[in-house]
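J.: show me how the following folds:
(one chain, ligands or ions: 3)
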Amino acid sequence: MRDYVAVDIGASSGRLVRGEMQDGRLSLQEIHRFDNGFHEHDGHCYWDIDHLYREILRGLQQARQLGIERCTLGIDTWAVDYVLLDGKGERIGEVYAYRDSRTLGAVPPVHAVHPFSRIYEKTGIQHLTFNTLYQLYAHDRMELAEAQDILLVPDYLYYLLSGRKMNELTNASTTALLNLKTRDYDPDLLELLGLPRSKFPSLTEPGTRLGAIKPELAQAYDLPECELIVAATHDTASAVLGVPASGASWAYLSSGTWSLIGVELQTPLATKEAMERNYTNEWGAYGTFRFLKNIMGMWLIQEVRKDYGKQHSYAELVKLAEAVPPFRSLIDSNDDRFLNPANMTEEIRRFCAATDQLVPDTPGEVARCIFDSLALSYDVYLKELERLTGQKPETLHIVGGGANNALLCQWTADVSGIPVAAGPTESTALGNLLVQMISSGAIRDIGEGRELIRRSFPIQTYVPRGLNTGRITEARRRFADLLAR
Ligand SMILES: Nc1ncnc2c1ncn2[C@@H]1O[C@H](COP(=O)(O)OP(=O)(O)OP(=O)(O)O)[C@@H](O)[C@H]1O
Ligand SMILES: C[C@H](O)[C@H](O)[C@@H](O)C(=O)CO
Ligand SMILES: [Mg+2]
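T.: Ligands and ions are numbered 1, 2, ... in the order given. Here you go, the predicted structure:
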């Protein structure tokens, strides 16, 4: 029996998951789960990358204790953030978190040299103020000059385990530095940053076999014999691979800290309208493109939950929201004010007051405002996706932790009129495992992998209920006014 282990680290939590084939089905076993999150000090936001590395080692030790002697291993994390290595292969400084405000000052000077329209024509990547392009522009020049290598976060974690440097391409595309035509780093953008191409390791395809964990590490920590396989190391790329879709006309919503809503394309769609509506062409595995839009998703409720001292579970917040009449208060969840406010609950209240709406008071009212606004956002962007791509999705696959939010899944079906297929929650880890299984020859391709997920995991379907469309139409109108303000 072969064992496959996925390390999936999102912005809010990380997990090691074992995948095993049993009677023609794929079973998942959570080996280890740990918290993630950035911390603020000296006026900046940083990830605790040493904590994440320790947790991976701890999870692998637990895998060994579970009897896993030999396995393949893949790693995926959130996007855009990076690590600098000096000439001795040691990390330089801390790892900035993308919600750090340092990049706000970088956008105007970058666009003074390369207007966003030119950057988009080159890269097809949406404008996010925290794209690696802007982060590197804002980075201390001395540190950049001292760096011999620039690795993205999951590349660095592979490096710590194996000693090998690589730059996995699905995640590299989120830097907004890769040229769609040459499929390599764009020389004009590197010149703007004053960085030679040599500072970035070679672009590497998901499925590449990277070799074993360093023997001294495996021995020191009593780890299983792992063969490292390069996953689709951008967590959203893995999440999309793990979507249990069949047929041609489907859309996905990777619903976690972010809501990433989009479709899988075989060629990029970097048109003027796609740029104006800020859609991205992140590179997928196996030559695909993830044409999607970032929506500030469960980050909103995560922060509200923290504002209330985490006294409510997410399930309890959903229950409280269910008791509140819908559509009383709405927000534009993609408003920059929600990127990293000191207090999300207060920021939501201020937004509602400033837009002459009922100000949500209780945790249930705030949660309802968030979920109603997200459902309306999904509806708006699903209709935009159809217009931009000419494809009308017959099903919206909601994967990730948000698939557990029955209220929002049903509401999304009701508002958009598109059936929702919710699950698996751990689609990211599953997509990570599928790449390992394809690379190991256990399955032929991603089509077979998605079919395997379909028959191995429950999918909850939410059908549009044809509710009082007058109320939904009125809410849509109010929401459109908010987006246009
Ligand atoms: N039982 C539940 N009921 C309602 N919502 C839930 C439930 N469980 C999880 N969630 C939602 O899922 C979110 C976490 O999703 P997920 O686990 O996919 O994120 P992550 O992988 O930790 O982070 P990232 O999105 O950065 O990958 C939570 O913020 C919460 O809103
Ligand atoms: C910052 C990125 O847009 C973000 O990480 C998103 O792409 C993602 O990966 C969500 O998990
Ligand atoms: Mg995740």
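
J.: quick check: residue 189 touching residue 177?
T.: Yes. Between residue 189 and residue 177 there is a contact under C-beta atoms under 8 Å: 5.2 Å. To be clear about C-beta, it is placed using only N, CA and C from the backbone, and glycine gets the same treatment.

J.: I'd like the next helix or strand past the helix ranked longest in the chain.
T.: The residue-count maximum for a helix in the chain (DSSP state H) belongs to helix 363-389. Downstream of helix 363-389, the next assigned helix or strand under DSSP states H and E is strand 395-399.

J.: for the very next helix or strand once past that next one, buried residues please.
T.: With elements assigned by DSSP H and E, the helix or strand that comes after strand 395-399 is helix 406-416. By neighbour count on 16 or more other C-beta atoms under 10 Å, the buried set for helix 406-416 is 407-416.

J.: ok, now stretch 62-74?
T.: Buried residues in stretch 62-74 (16+ other C-beta under 10 Å): 63-64, 68, 71-74.

J.: give me the distance between the two termini of that stretch.
T.: Distance across stretch 62-74, first residue to last, is 16 Å (C-alpha to C-alpha, to the nearest Å).

J.: from here on, call the first residue 5.
T.: Sure thing, new numbering starts at 5, so read that last one as stretch 66-78.

J.: can you pull the contacts of the residue in the stretch 5-154 of the chain that ligand 3 sits nearest to?
T.: With C-beta to the ion as the measure, residue 14 is the residue of the stretch 5-154 of the chain nearest to ligand 3, at 3.0 Å. Residues near residue 14 by C-beta atoms under 8 Å, 6 or more residues apart in numbering: 40, 81-82, 239, 260-261, 432.

J.: enumerate the residues of the stretch 205-354 of the chain near ligand 1.
T.: 239, 260-262, 302, 305-306, 318-319, 322 (C-beta under 6 Å from any ligand atom).

J.: give me that answer again for 8 Å
T.: Contact residues (C-beta under 8 Å from any ligand atom) of the stretch 205-354 of the chain with ligand 1: 239-240, 243, 258-262, 301-303, 305-306, 309, 317-319, 321-322.

J.: buried subset of the residues you listed?
T.: 239-240, 243, 258-262, 301-303, 305-306, 309, 318, 321-322.

J.: just those: which are in helices?
T.: Using DSSP H, the members of these that fall within helices are 239-240, 243, 303, 305-306, 309, 318, 321-322.

J.: from the residues of the stretch 205-354 of the chain next to ligand 1, which are also near ligand 2?
T.: Residues of those in contact with ligand 2 (C-beta under 8 Å from any ligand atom): 239-240, 243, 258, 260-262.

J.: taking these together, which two end up most distant?
T.: Maximum pairwise distance among those (C-beta to C-beta): 11.7 Å, between 243 and 261.

J.: what's the domain layout of the protein?
T.: Domain assignment for the chain by automatic domain parsing gives 8-233, 247-427+447-489.

J.: where does the stretch 155-304 of the chain have low pLDDT?
T.: Counting by pLDDT under 70, the stretch 155-304 of the chain shows no low-confidence range.

J.: tell me the residues of it that contact ligand 2?
T.: So far as C-beta under 8 Å from any ligand atom goes, the stretch 155-304 of the chain lies against ligand 2 at 178, 238-240, 243, 258, 260-262, 264, 286, 298.

J.: coming back round to it: closest one of the buried residues of helix 410-420 to ligand 2?
T.: The closest of those to ligand 2 turns out to be residue 412 (C-beta to the nearest ligand atom; 17.2 Å).

J.: I figured that closest one was touching residue 378, is that so?
T.: Yes. With contact defined as C-beta under 8 Å, residue 412 reaches residue 378; the gap is 6.2 Å.

J.: go through stretch 342-349 and flag the buried ones.
T.: By 16+ other C-beta under 10 Å, the buried positions in stretch 342-349 come out as 342-344, 348-349.

J.: again with stretch 10-29
T.: Neighbour counts over stretch 10-29 (16+ other C-beta under 10 Å) mark 10-15, 18-25 as buried.

J.: before we move on, what about stretch 481-489?
T.: By 16+ other C-beta under 10 Å, the buried positions in stretch 481-489 come out as 483, 486.

J.: for that stretch, which outside residues touch it?
T.: 331, 334-336, 359, 377, 380-381, 384.

J.: any of the residues you listed buried? List them.
T.: When these are checked for burial by 16+ other C-beta under 10 Å, the buried set is 331, 334-336, 377, 380-381, 384.

J.: okay if I get these as TSV plus distance to residue 474?
T.: Formatted as TSV, those follow (distance: C-beta to C-beta, whole Å):
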residue	distance to residue 474
331	11
334	17
335	22
336	23
377	19
380	15
381	21
384	19
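
J.: CSV for those, including pLDDT and distance to residue 202?
T.: CSV is the format used below for the buried ones among the contacts of stretch 481-489 (pLDDT from 0 to 100; distance: C-beta to C-beta, whole Å):
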residue, pLDDT, distance to residue 202
331, 97, 54
334, 98, 49
335, 98, 45
336, 97, 42
377, 98, 45
380, 98, 47
381, 98, 41
384, 97, 43
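
J.: nearest to ligand 1, of the residues you listed?
T.: Sorting these by how near they are to ligand 1, with C-beta to the nearest ligand atom, puts residue 377 at the top with 14.0 Å.

J.: doesn't residue 335 make contact with that closest one?
T.: Yes. Judged on C-beta under 8 Å, residue 377 makes contact with residue 335 at a distance of 4.8 Å.

J.: show me what from the stretch 255-404 of the chain comes close to ligand 3.
T.: residue 260 (C-beta under 5 Å from the ion).

J.: find the closest residue to ligand 3 in the stretch 255-404 of the chain.
T.: For the stretch 255-404 of the chain, C-beta to the ion, closest residue to ligand 3: residue 260, 4.3 Å.

J.: the closest residue to that residue other than its chain neighbours: neighbour count?
T.: Among residues not flanking residue 260 along the chain, residue 404 sits closest, at 4.2 Å (C-beta to C-beta, 6 or more residues apart in numbering). Residue 404 sits with 29 neighbouring residues when counted by other C-beta atoms under 10 Å.

J.: dump the residue contacts of residue 356.
T.: 333-335, 362-364, 373.

J.: check which residues of whatever helix or strand it lives in are buried.
T.: Using DSSP H and E, residue 356 sits in helix 348-358. Using 16+ other C-beta under 10 Å as the test for burial, helix 348-358 gives 348-349, 351-353, 355-356.

J.: also stretch 392-402?
T.: For stretch 392-402, the neighbour count (16+ other C-beta under 10 Å) marks 392-393, 395, 397, 399-402 as buried.

J.: please apply the same query to stretch 291-305.
T.: So stretch 291-305, judged by 16+ other C-beta under 10 Å, has buried residues 292-305.

J.: quick check: residues of the stretch 5-154 of the chain near ligand 2?
T.: Counting by C-beta under 8 Å from any ligand atom, the stretch 5-154 of the chain sits next to ligand 2 at 14-15, 81-85, 102, 132, 134.

J.: what's the closest of those to residue 165?
T.: Residue 165 lies nearest to residue 81 out of these, by C-beta to C-beta, at 13.5 Å.

J.: any idea what the closest one is bridged to?
T.: Residue 81 has these beta-bridge partners by DSSP bridges: residue 13, residue 238.

J.: doesn't residue 43 make contact with residue 52?
T.: Yes. Residue 52 lies in contact with residue 43 (C-beta under 8 Å); the separation is 6.5 Å.

J.: neighbour count winner among these two?
T.: Between residue 52 and residue 43, counting by other C-beta under 10 Å, residue 52 is the more crowded of the two (17 against 12).
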